[in-house]
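**Q** A structural model of the following input is requested.
(one chain, ligands or ions: 1)
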Amino acid sequence: MAVPLGCPGNQSDQQARGSGAVINRVAKYIYPWPPPNAFSKPVWQDYLDGEYRQREMPESAEEVAADSRWPAFFSQPICLITTTDGQQCYLEREVGPCIVNRFPYVMTISLCRKALSERHTPRVQFMEALEKSGIANVQFLPLGPPLDRCLDILNTYPEGQVQKRVAATGLPHRRALSNAAPVFADAFMVYETHFCRPMEDLYGNKIYEKPYVDVGSHRVYFLEVNCIQLRQDIADGRTQIAWNSLAEWTPRRPTVPSADVDQSTITRMGYIKPFTPYYKFPASNTVAFEYEGNADGMAYKHFEAFQRSHVEVIDNDKTRWPCFFPSSLGMITSRSAAGKPNLMPCGSTTVISRSPLVISPAVTYGGINDRYRSRYTLHNIRAHSRFGVGLATVNEEMLAAIRYAGNVSAADDPNKLRNTGLSFEDGDYSPILRGCPIHFDCEVVGEVKLGTHSMFLGEVQRILVRTDVSAENPITWNPWPVVLTDDAADRGTSSRPEATDGSRPRRVVAAGE
Ligand SMILES: Cc1cc2nc3c(=O)[nH]c(=O)nc-3n(C[C@H](O)[C@H](O)[C@H](O)COP(=O)(O)O)c2cc1C
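**A** Alright, predicted model coming up:
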């Protein structure tokens, strides 16, 4: 099994697979998919002459009640979140926190609000406290005993006892810098957030009239980031965070790439976003976290509440994310009004409801600079109310395609999808990338404008899984960012940040936009 781990962004992706101790430390946190017998139910049928198994969606309430695990895998980070109701503290685990908008700087989390099964129950206490205070601290702990302790407590203190969890961990914690909810002393990165308040976007549209939206079984909260804390040794480049944004999988049969591709359009693009699935942060090719102070071993930076004037910033680099945040990648496929297929890699793609299963890509509409141009995909999705989401895994063809499709718009290259070199099937719902082990066909049931990005709410209508995905040949994923320790194996062949003189490294390739 290929075990993912963090690797340097400035080596080739092949070289970048790391070694020894990190693998051992990470191995127990790796999630393999599918579980045994995942496809034994008759709901899975043959598609495209044995190339895929397909499952029509949505499932019935009875099917979900019997087994509410996701019917197919989509890569998402996991974090811990704390809140308070002003008196007590509450702790939850969140799958799929996602930065979805740049101005204002907004993260979504989604919490279950309906009883679906024994596994999926409403998180009443946490949601009540969150809605009372409007604050949440999203935090990441290094892999190891304190994180394990939190995960144990989350399992052993169910609904009714959520307010006991923080104390039950026995872990030291303190008040956050901007709010009264707790932060674990072991956290290496904390995003302090509050509910988005009603405001207007660039075009005068009213946004965030409510700080949440109900989507199927879940409530999706919009949280504006108002302070980031990062462990001082990481902020100073003495220690790195490793994050693998793509899952790993070994295809058992080759896909035939398109011949005669013409990628010359990329040379005319005003802004090129680099991409590696193996991020290390900070690194010599990254921008520093520009902190303003330090306390409790953490470097921190506060962010002013959003004002419309902020979006006058047109410098491409200044509009990057100010710090690392783990994100995965959806390969969003669509068709133009005239039927031309397209592909847009989208880091801000997240699963927001379990029943029906809803996947949501955040697509730029506010054209503030070359980095944030309005996407062709936006118009395609609006034209047909459909899109596809392919799960990308690490291989050279996929990485080359992400770099091309993620930098060249179909507005500039009408044959963009073909010119990525990827083999694709036109598909009856949306274009299907043959190299992706999993594909979701989605129908748009809503669009939420967020300021610079629009979240499309895509109800999954069909899932395709390649037949060479199996419990014996699983997709593997590490949902946790890894703090690299200073032992020799972690160091491996990796590059340390170039700044050895105490100055901070200068440029950051953050994990998302
Ligand atoms: C790794 C990566 C992640 C990206 N994530 C997003 C995203 O979350 N939202 C977005 O609007 N654009 C994102 N982009 C940029 C678009 O993929 C890019 O602008 C693309 O060319 C748009 O294509 P289109 O205009 O043909 O739709 C990302 C690009 C890369 C390389």
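**Q** once you drop chain neighbours, what's closest to whatever residue of the chain ends up closest to the ligand?
**A** Ranked by C-beta to the nearest ligand atom, the top residue of the chain for proximity to the ligand is G406, at 2.4 Å. For every residue, glycine as well, the C-beta is placed using N, CA and C. Sequence neighbours aside, P345 is the residue nearest to G406 in space, at 4.1 Å (criterion: C-beta to C-beta, 6 or more residues apart in numbering).
**Q** around the ligand, which positions in this protein sit nearby?
**A** Contact residues, the chain versus the ligand (C-beta under 6 Å from any ligand atom): 273, 275, 329, 342, 344-348, 362-364, 375-377, 402, 406-411, 416, 513.
**Q** what do you get if the cut-off is 5 Å, keeping everything else the same?
**A** Taking C-beta under 5 Å from any ligand atom as the contact definition, the chain meets the ligand at 273, 275, 344-348, 363-364, 375-377, 406, 409-410.
**Q** before we move on, the earlier item: and the host helix or strand of the residue nearest to G406, how far out from the chain's middle?
**A** For P345, the element it lies in under DSSP states H and E is strand 341-346. On the basis of C-alpha atoms, centre = their mean, to the nearest Å, strand 341-346 sits 16 Å off its chain's mean C-alpha point.
**Q** identify the residue nearest the geometric centre of the protein.
**A** The chain has S327 as the residue nearest its centroid, 2.9 Å off, counting by C-alpha atoms, centre = their mean.
**Q** ok, that residue touching S245?
**A** Yes: at 6.3 Å, S327 counts as touching S245 under the criterion of C-beta atoms under 8 Å.
**Q** how about the strands in the stretch 201-350 of the chain?
**A** Secondary structure of the stretch 201-350 of the chain (DSSP state E, counting those that start in this stretch): strands at 206-207, 212-215, 218-231, 241-244, 278-281, 293-295, 298-302, 330-335, 341-346, 349-353.
**Q** given the fifth one, what are its sheet partners and their directions?
**A** Strand 278-281 has its sheet partners listed here by DSSP bridges as strand 241-244 (antiparallel).
**Q** so how far is the strand it pairs with from its chain's centroid?
**A** 13 Å.
**Q** buried residues, it. List them.
**A** Burial within strand 241-244, assessed by neighbour count using 16 or more other C-beta atoms under 10 Å, is assigned to I241, A242, W243, N244.
**Q** cool, stretch 406-420 as well?
**A** G406, N407, V408, S409, A410, D413, P414, K416, L417, R418, N419, T420.
**Q** pull the CA atoms of that stretch into CSV?
**A** Provided in CSV are the C-alpha atoms of stretch 406-420 (Å, rounded to 0.1, in the frame of the first residue of the first chain):
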residue,chain,number,x,y,z
GLY,A,406,-5.8,24.9,-12.9
ASN,A,407,-4.1,27.8,-14.7
VAL,A,408,-5.6,27.9,-18.1
SER,A,409,-9.2,29.0,-18.4
ALA,A,410,-11.5,27.5,-21.1
ALA,A,411,-12.1,31.2,-21.9
ASP,A,412,-8.5,31.2,-23.3
ASP,A,413,-8.3,27.6,-24.5
PRO,A,414,-11.7,26.3,-25.7
ASN,A,415,-10.1,22.8,-26.0
LYS,A,416,-8.7,22.9,-22.5
LEU,A,417,-9.9,19.5,-21.3
ARG,A,418,-8.5,17.8,-24.3
ASN,A,419,-5.3,19.7,-24.0
THR,A,420,-4.8,18.5,-20.4
